[in-house]
Each structure stands twice: as structure tokens, then as C-alpha cells.
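Novice: need a structure here:
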Amino acid sequence: MRQLTGLEHFFTHHSGTIKAEPVAEFMQKQFNGSHLVVYAEPLSEQKTVIATLALNSEMNAYDAYAQRLEMIFMGEVTNESIPLTYTINGLDLSFYGRCSVLSKVCGVDLYFSNYKRVEGSVARQKITISIKELVKELKKLQKDSNS
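Specialist: Sure thing, here's the model as predicted:
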């Protein structure tokens, strides 16, 4: 269910062969200073903010061996509702999808493992992005645009 929009903006910053390292750098720049916002409603009805978690810039790391970007977001819970959806907005990119505090909910792509529905508690969430998959997707977008 997790969706990424705006990936085509990569081509305004990069031309030539698509490799993992430049894609990871692009993603890090896109999401530097971003927030993960958790809502109590479905994507089309988002209005009740449960928590706004800020990206910890020291925890925004690219693992070249595993070809993945790991970002840690932290922030205070401001509403005791049940989380249903989230968004992360970067400069040109946005992630959005469904989330849950229950580990075996179908169709959920973000599981809050240490989340407490207590106003004032601190939430910490790790987001992992497969750079390898993004490289494949970008190559496909490049091929489709050249056709």
C-alpha cells in the first residue's frame, strides 16, 4: 500500500546511468528535514493528527551493502486516537500509506512497534527504503520516457 509520488523529479537532477549511490543521495536530500505525520483517518479523509515525528538527521543513513536508506523519525504523540494512515513529504517526493499498532493487520505497510497511545509519549519510527527497488523503478521510468 505504501506509495511514493514524485520520483520523476530524479531526472531533473540526474542524467545518464542510474546507479544506487546517486539515487540514495537524491532520496536523502529529498527527505532531509521532513516529518512523518500520523493520522487517525483513511488517506482521503486525513484531518486528525495523532503525531508529527521529525526526521533525526543523524539517523538518516544509506547502507551501501544492503542498498537501503534507513531514516529514524521521532516525536511526541498529541492525540490518543488509533493511527490509520501516514504521510512523509520531502522536497518533491511524498510517501503515504496505511499504518497500524497491531502487527498482523492486512494491507498495512508501516507497523508502529513501540507506539503508545498516550498523549505526551515519545514515538520513534524507522522507515526503510529499498534503493535497489527505486533504481529498478527509475530505470523503467527512463525506458518508458525514451520509448
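
Novice: every contact and neighbour count from this point should use C-alpha atoms.
Specialist: Will do.

Novice: which helix or strand in the protein has the lowest average pLDDT?
Specialist: Lowest on mean pLDDT, DSSP states H and E among the helices and strands of the chain sits strand 110-111, with a mean of 81.

Novice: kindly list the longest helix within this protein.
Specialist: Looking across the chain with DSSP state H, the single longest helix is helix 131-146.

Novice: elements contacting that helix?
Specialist: Applying 3 or more Cα pairs under 8 Å, 6 or more residues apart in numbering; DSSP states H and E, one finds that helix 131-146 contacts helix 20-31, strand 68-76.

Novice: relative to helix 131-146, how tilted is the shortest one?
Specialist: Here strand 68-76 points in a direction 110 degrees away from that of helix 131-146 (axes from the mean of the first three to the mean of the last three Cα atoms, to 10 degrees).

Novice: how far does strand 68-76 sit from the chain's center?
Specialist: Chain-centre distance of strand 68-76: 9 Å, with Cα atoms, centre = their mean, to the nearest Å.

Novice: each with direction, which strands does the following helix or strand past it pair with?
Specialist: Note on strand 68-76: by DSSP states H and E, the next helix or strand toward the C-terminus is strand 85-89. Paired strands of strand 85-89, with direction, are strand 35-39 (antiparallel), strand 94-100 (antiparallel) (DSSP bridges).

Novice: so which residues make contact with strand 85-89?
Specialist: Strand 85-89 has contacts (Cα atoms under 8 Å, 6 or more residues apart in numbering) with 31, 34-43, 46, 94-100.

Novice: now stretch 27-41: mean pLDDT?
Specialist: Stretch 27-41 shows a mean pLDDT of 93.

Novice: where does this structure dip in pLDDT?
Specialist: Residue ranges of the chain with pLDDT under 70: 1, 147.

Novice: re the thing from before, generate a ChimeraX selection restricted to the buried subset of the contacts of strand 85-89.
Specialist: Per 16 or more other Cα atoms under 10 Å, the buried members of the contacts of strand 85-89 correspond to this ChimeraX selection:
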select :31,34,35,36,37,38,39,40,41,94,95,96,97,98,99,100
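
Novice: so which of the strands paired with strand 85-89 gets nearest Gly6?
Specialist: Closest approach to Gly6 among these is made by strand 94-100 (6.7 Å; Cα to Cα).

Novice: good, we can wrap up now.
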